[in-house]
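Chemist: Build me a structure from this.
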Amino acid sequence: MASHTRRGLLKGAAVAAAGGAVGSGLGTGLFTAAARSGGRAGKRGARPFLEGAFTPATEELTAFDLEVTGRIPRDLDGRYLRNGPNALGLEDVRAHHWMLGDGMVHGVRLRDGRAEWYRNRWVRSSQVTAKLGERYPGQVPPDDFACNTHVIPYKGRILALQEGGPLPYELDGELRTVRPYDFRSTLEGAFTAHTKYDAAADELHAITYYPTWDHVRHIMIDRTGRVARTTRVPVADAPMMHDFALTGKYVVIVDVPITFDAAAAEAGAIVPYVWNDEHPMRIGLLPRTGGAARWFEIDPVYYSHTLNAYDQGDTVVLEYIGFPAPFYAAGRGMGGPCATGSPTLDRWTIDTRAGRVRSSRLDDRPQEFPRINESLVSRRHRYAYTASAAEMWRAYETVDGVPPDEKFSNHLIKHDMLRGSSQLVRFPEGAAVSEPVFVPRRGARDEDDGYVLAYVNDPDRGATDLVILSAQDFTGRPQARIHLPGRVPLGFHGSWVADA
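Modeler: Here you go, the predicted model:
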């Protein structure tokens, strides 16, 4: 089975203007009529991940000197980038899954209190260049894919990331695709969408999986930018490991009951990963200094995204976003994943001396995309930021065609883990909210001294704003709203890329 391509065997492993605007000339002809009409669907939920706030962008835009309400802080000098699936050349909506959409990165360049430009660009994989009628430069890498899940800065580079096989793609400062990136020819095999960067050690960590492996791999990339160590950790059933955690002592591996289904792959399933009740859920602590993982069995949930993890004496604390079990990565024939309930902010406390794990609920409101001050990854944090997009929960929970109630809203949350309190910023109906990213203020001395940036759809304009909040005055008036020339569809993860 190793001869299968990503579009076959591995297909779905990633389960995930006016003014100065200048279009790319691609037009909407690359999409079928069904895809183009998704945003105007009369019956909600028919193809929820091609409709409304999920409707793919149909062209690449470039806009300069963006209109701003409020004032952009002058110490924000860099680019705010976000990646997400954006189907290109979709021929059959029935064969589409949201998390398989071609990656598109959206970016805003800030400098000297100005929003210099907005750009959105597809990641130029070999498939995307063929669809666009462009020539792919160089040799096509194995498992080539337009990475659609994350975009991060790393040692002067911008990397678009995907899990389950593809190499990262390097982008330049104007979001043009440069080349696949293999960490100076040292990366072999798969990579991940969710790296963990330990700023104190100057190390980049990853947990990688592949459907034909009988193990997962911990990869440590050292301060030279090369893979310095690869550790193979045996696992059964080829589970999907979307995220993991890092502490000062451990790499924390979460073995979820979503596993590769070879028979489904052979039959042509779009996403050959299924909820597997026979696969026990467990947490593994792999020492960063070397040695074997120690495993702890826990009750099944879908472990979606890590907030952070840290050591506390003989315990390891891991805070995360979880969905109730079971979770259906392949969905229910509606073009995206399906959940049996809303995601919540939870905590595992792993007692290494007693050999047990205690679970606790931190916040039961629907929320996702947790972020912290990134300088504290692997160390104890106080503040955290999450997002809630009503349209996303309705799409996820539209199980068997029965939409959920209307309890969901659009908001950002700032959590104070020390006090157990939170602050909430609400946005109007239809104003879908994307992941919040914390950016420290220049010269900041406090953990939350900085800004929270997020894309928020403006239903009145039919376009998106980049909203800048003061993290220390979270519920106050936004410091700025930067008005983009088009929509940023609901997608996945992003980063602040500061200028050197």
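
Chemist: residue contacts, residue 370?
Modeler: 305-307, 319-321, 345, 384-386 (C-beta atoms under 8 Å, 6 or more residues apart in numbering). Glycine gets a C-beta too; all of them are placed from N, C-alpha and C.

Chemist: Assign it to helix, strand or coil.
Modeler: strand (DSSP: H, G, I helix; E, B strand; the rest coil).

Chemist: And the pLDDT for it?
Modeler: Note on residue 370: pLDDT of 98.

Chemist: Check residue 95 too.
Modeler: pLDDT, residue 95: 86.

Chemist: for the one 3 residues further on, same thing?
Modeler: On pLDDT, residue 98 comes in at 96.

Chemist: so what's the backbone phi/psi at it?
Modeler: phi -50, psi -40 (degrees, to the nearest 10).

Chemist: before we move on, what about residue 442?
Modeler: phi -60, psi 120.

Chemist: quick one: residue 175 is in a strand?
Modeler: No. Applying three-state DSSP, one finds residue 175 to be coil, outside a strand.

Chemist: got a list of what it touches?
Modeler: So residue 175 contacts 81, 105, 107, 119-121 (C-beta under 8 Å, 6+ apart).

Chemist: which helices and strands sit right next to whichever strand or helix holds residue 81?
Modeler: For residue 81, the host element (DSSP states H and E) is strand 78-85. Here strand 78-85 touches strand 103-111, strand 150-154, strand 157-161, strand 494-498, going by 3 or more C-beta pairs under 8 Å, 6 or more residues apart in numbering; DSSP states H and E.

Chemist: From the contacts of residue 370, which land in strands?
Modeler: 305-307, 319-321, 345, 384-386 (DSSP state E).

Chemist: ok, these vs residue 205, which is closest?
Modeler: Using C-beta to C-beta, residue 306 is the member of the ones in strands among the contacts of residue 370 that lies nearest residue 205, at 11.6 Å.

Chemist: burial measure for that closest one, as a count.
Modeler: Here the count is done by other C-beta atoms under 10 Å, and residue 306 has 22 residues near it.

Chemist: Same question for residue 262.
Modeler: So residue 262, with other C-beta under 10 Å, has 15 neighbours.

Chemist: one step back: of the ones in strands among the contacts of residue 370, keep whichever come out buried.
Modeler: 305-307, 319-321, 345, 384-386 (16 or more other C-beta atoms under 10 Å).

Chemist: State the pLDDT value of residue 45.
Modeler: 53.

Chemist: and the nearest residue to residue 84 once chain neighbours are set aside, what is it in contact with?
Modeler: Nearest residue to residue 84, sequence neighbours excluded (C-beta to C-beta, 6 or more residues apart in numbering): residue 491, at 1.8 Å. By C-beta under 8 Å, 6+ apart, residue 491 lies in contact with 82-86, 104, 148, 434.

Chemist: Kindly report the same for residue 126.
Modeler: Listed by C-beta under 8 Å, 6+ apart, the contact set of residue 126 reads 136, 140, 144.

Chemist: neighbour-wise, which of the residues you listed leads?
Modeler: residue 144 (21 neighbours).

Chemist: any idea which of the buried ones among the ones in strands among the contacts of residue 370 is closest to residue 470?
Modeler: residue 385 (12.5 Å).

Chemist: bridging residues for that closest one?
Modeler: With DSSP bridges as the criterion, residue 385 is bridged to residue 371, residue 414.

Chemist: immediately after the helix or strand of the chain with the lowest mean pLDDT, which helix or strand?
Modeler: Lowest on mean pLDDT, DSSP states H and E among the helices and strands of the chain sits helix 33-36, with a mean of 31. Remark: after helix 33-36, the chain's next helix or strand is strand 61-64, criterion DSSP H and E.

Chemist: Quickly run through the sheet partners of that next one, with directions.
Modeler: strand 22-23 (antiparallel), strand 114-122 (antiparallel).

Chemist: Can you tell me which of those is packed in deepest?
Modeler: strand 114-122 (a mean of 21; mean count of other C-beta atoms under 10 Å).

Chemist: which SS class is residue 131?
Modeler: Under three-state DSSP, residue 131 comes out as helix.
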